[in-house]
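Student: all I have is the shape, not the residue letters:
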DNA sequence: GAAGGGCCTTTGAG
DNA sequence: ACTCAAAGGCCCT
């Protein structure tokens, strides 16, 4: 990578690149030694953190453009100390904040995020990663950075033109049909995914749930991880158990009831609280 | 209408 | 070799 310019960015706030990229939000970032490689939009980016300094290597042209791209992706616009003070209301979550300090909600591309969480249905993180890599490797444009190769995630149009059968061959199972159908709807312009960012949470969620393969949980993931809805609080198997065991929530609660409980407790940053509890539950149950 | 159960694909862990 | 769970959703009763 010596032939590439290295940008050094000073991060004046909590950031833990590894926990952020390895917390089940994004599925195609790869770690080699101290470097993390991934595609943001059309560009291949490598990140390496030393304390409060973030080193960036990229194929994306102008320095300022790259800094903007990375800052936006890492949500460096979030005031994370303030978020900690709002959600740090009990010992359990304070422990999680102290263990995973600097873990950030990421602002990823809505289209890739949507497909990622369709793949997540009844699956697990290693397998979701392999599904997503397989889709990008087979149908996305290649980028290189030194010896590293990455792939731009194929557009809705690209995937719509494939249909279900080639996706089935990638071993993604029953999710292939959902992906093919969703791609068709988005490519045809019947739902403006990017426009959801400007709608209120509830309304945007209803729009997403009108898509095949998208229910409450997947919709909340897409809203939280790509559409700036920090009040979205995806309740999956892990979080459900965490709520039951750690907060003694009635296991008979329906999704909406779990959500309401979380929103009452953590308000507009319920999504952040959820992410710290998710990481705790997986790594230190 | 809502609540519960079966089913869907494949993988990796135990 | 076998069972089970996995960042769920849909369809049927």
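Tutor: In hand now; what should we look at? No experiment lies behind these values; they were computed from the predicted model shown.
Student: can we go C-alpha only for contacts and neighbour counts from here?
Tutor: OK.
Student: now the helices for chain A?
Tutor: Across chain A, reading from the start of the chain, the helices by DSSP state H fall at A:17-21, A:63-73, A:80-87, A:91-99, A:110-119, A:125-139, A:156-162, A:164-168, A:175-187, A:201-209, A:216-226, A:237-247, A:255-266, A:270-283.
Student: quickly check: the fourth one near DNA strand C or not.
Tutor: No. Counting by C-alpha under 7 Å from any atom of the strand, DNA strand C has no neighbours in helix A:91-99; the shortest distance is 14.0 Å.
Student: list the contacts of that helix.
Tutor: Contacting residues not belonging to helix A:91-99 are listed as A:84, A:87, A:88, A:246, A:273, A:276, A:277, A:279, A:280 [C-alpha atoms under 8 Å, 6 or more residues apart in numbering].
Student: now the nearest residue to the first one once chain neighbours are set aside: how far from DNA strand C?
Tutor: Of all residues not flanking residue A:84 in the chain, residue A:97 sits nearest, at 7.4 Å (C-alpha to C-alpha, 6 or more residues apart in numbering). Between residue A:97 and DNA strand C the distance, using C-alpha to the nearest atom of the strand, to the nearest Å, works out to 15 Å.
Student: what residues of the longest strand along chain A count as buried?
Tutor: The residue-count maximum for a strand in chain A (DSSP state E) belongs to strand A:43-50. For strand A:43-50, the neighbour count (16 or more other C-alpha atoms under 10 Å) marks A:43, A:44, A:45, A:46, A:47, A:48, A:49 as buried.
Student: so what's the gap between it and the chain middle?
Tutor: Put simply, strand A:43-50 sits 17 Å off its chain's centre (C-alpha atoms, centre = their mean, to the nearest Å).
Student: before we move on, back to that, export the helices of chain A as TSV, with columns for mean pLDDT.
Tutor: TSV is the format used below for these (pLDDT from 0 to 100):
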stretch	mean pLDDT
helix A:17-21	97
helix A:63-73	96
helix A:80-87	98
helix A:91-99	97
helix A:110-119	98
helix A:125-139	97
helix A:156-162	97
helix A:164-168	96
helix A:175-187	98
helix A:201-209	97
helix A:216-226	98
helix A:237-247	95
helix A:255-266	97
helix A:270-283	97
